[in-house]
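Undergrad: My questions concern the predicted model and sequence given below.
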Amino acid sequence: MGHPMCCRLLQAGHAVHVWNRTATKAQALATHGAVVHESAADALAQADIAITMLENGAVVHDVLLATEAARALPAGALVIDMSSIQPVQAQAHAQQLQAWGLRALDAPVSGGTIGAEQGTLAIMVGGDAADFDSAHPVLAALGRSTHVGPHGSGQLAKLANQMIVGGTIGLVAEALLLCQRGGADMGKVRQAISGGFADSRVLQVHGQRMVDGDFAPRARMTVQLKDLRNALSTAQSLQFDTPITTLLEQLYAQAIDHGLADLDHAGLFVELDKG
């Protein structure tokens, strides 16, 4: 995700300085015009806006806070964390960054690598409204951004997104498999219900992958499971019961236990097909 997002920023005319824990990933952006640095602190030293796109909340903490790399930023600089992490982590990160004289937004995204390449990501933003307004010229190069509330709210919106995506993938897979077992053509069924109330982007994109048997990873099963577990952890902290998401977590965990970890999250179809 980070690579095409950086390319979009460069194409929009922004000066981009990059660092990655895997040096070759950062180096690959040099040919597109990015300036590559050997440390996170070096990459941040001259930045007005810093964007992170990392694996999980623990990594965000390690890269920005535990090493104190964020303290290399000029006073008043804005940190936009576009990773998908727990809301409570986003709130804690924002609090620490503010204590260091910095501003913070949590801005996770949806749309996958296709959305990143096309600049059509859905961006859910938590933080101060004034900081959101100042970030708009940068976020506009990446997709459509919406301010949804205070710090942590962007991550809540992403959890909602992943709950809906994961659940819809499961229902589409189960429905298409039912039709296949009964003798219908899955591809024709998908066409037949397109445009009705059952239509969705998941039906169009992931449903086609199921018909084609194409489960090359765009968003991996492991990432979907991580997000569902973050949703369950957040729900538990709010004393909110989530029976549907609980079942989904079990199904994705079961699929990974059965060796499907490296498939796209549409690969839940493969797990359900074994039944």
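TA: Cool, the structure landed.

Undergrad: Do I have it right that residue 209 meets residue 203?
TA: No: judged on Cβ atoms under 8 Å, residue 209 makes no contact with residue 203 at a distance of 10.8 Å. Placement of C-beta: from N, CA and C, glycine included.

Undergrad: now the helix or strand of the chain with the lowest mean pLDDT, how far from the centre of its chain.
TA: Here the helix or strand of the chain ranked lowest by mean pLDDT, DSSP states H and E is helix 112-118, holding a mean of 91. Offset of helix 112-118 from its chain centre (Cα atoms, centre = their mean, to the nearest Å): 11 Å.

Undergrad: so where do the helices sit in the stretch 151-275 of the chain?
TA: Assigned by DSSP state H, counting those that start in this stretch, the helices in the stretch 151-275 of the chain fall at 153-181, 186-193, 201, 207-212, 221-237, 243-255, 268-273.

Undergrad: Redo those as CSV? Include mean neighbour count.
TA: As requested, the helices of the stretch 151-275 of the chain are exported to CSV (neighbours: other Cβ atoms under 10 Å):
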stretch, mean neighbour count
helix 153-181, 20
helix 186-193, 16
helix 201, 12
helix 207-212, 20
helix 221-237, 19
helix 243-255, 17
helix 268-273, 22
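
Undergrad: Nearest to residue 29, out of those helices?
TA: helix 221-237 (21.7 Å; Cβ to Cβ).

Undergrad: helices and strands around the closest one, which ones?
TA: helix 87-99, helix 153-181, helix 243-255 (3 or more Cβ pairs under 8 Å, 6 or more residues apart in numbering; DSSP states H and E).

Undergrad: so can I have JSON lines of these showing distance to residue 234?
TA: Below are the helices and strands packed on helix 221-237 laid out as JSON lines (distance: least, Cβ to Cβ, whole Å):
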{"stretch": "helix 87-99", "distance to residue 234": "6"}
{"stretch": "helix 153-181", "distance to residue 234": "6"}
{"stretch": "helix 243-255", "distance to residue 234": "10"}
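
Undergrad: Can you tell me which of those is nearest to residue 264?
TA: helix 153-181 (9.4 Å).

Undergrad: Off-centre distance for the closest one?
TA: Centre-to-centre, helix 153-181 and its host chain are 15 Å apart (Cα atoms, centre = their mean).

Undergrad: repeat for stretch 131-140
TA: Its chain's C-alpha centre and that of stretch 131-140 lie 18 Å apart, by Cα atoms, centre = their mean.

Undergrad: cool, and stretch 34-46?
TA: Taking mean C-alpha positions (Cα atoms, centre = their mean), stretch 34-46 and its chain are 23 Å apart.

Undergrad: Quick one: end-to-end distance for it.
TA: Counting by Cα to Cα, to the nearest Å, you get 14 Å between the two ends of stretch 34-46.

Undergrad: Identify all contacting residues around it.
TA: 6, 10, 15-19, 23, 26-27, 29-30, 50, 63-64, 67, 69-74, 77 (Cβ atoms under 8 Å, 6 or more residues apart in numbering).

Undergrad: Emit the ChimeraX select command for whichever of the residues you listed are buried.
TA: To isolate the buried ones among these in ChimeraX, judged by 16 or more other Cβ atoms under 10 Å, type:
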select :6,10,16,17,18,19,26,29,50,63,64,69,70,72,73,77
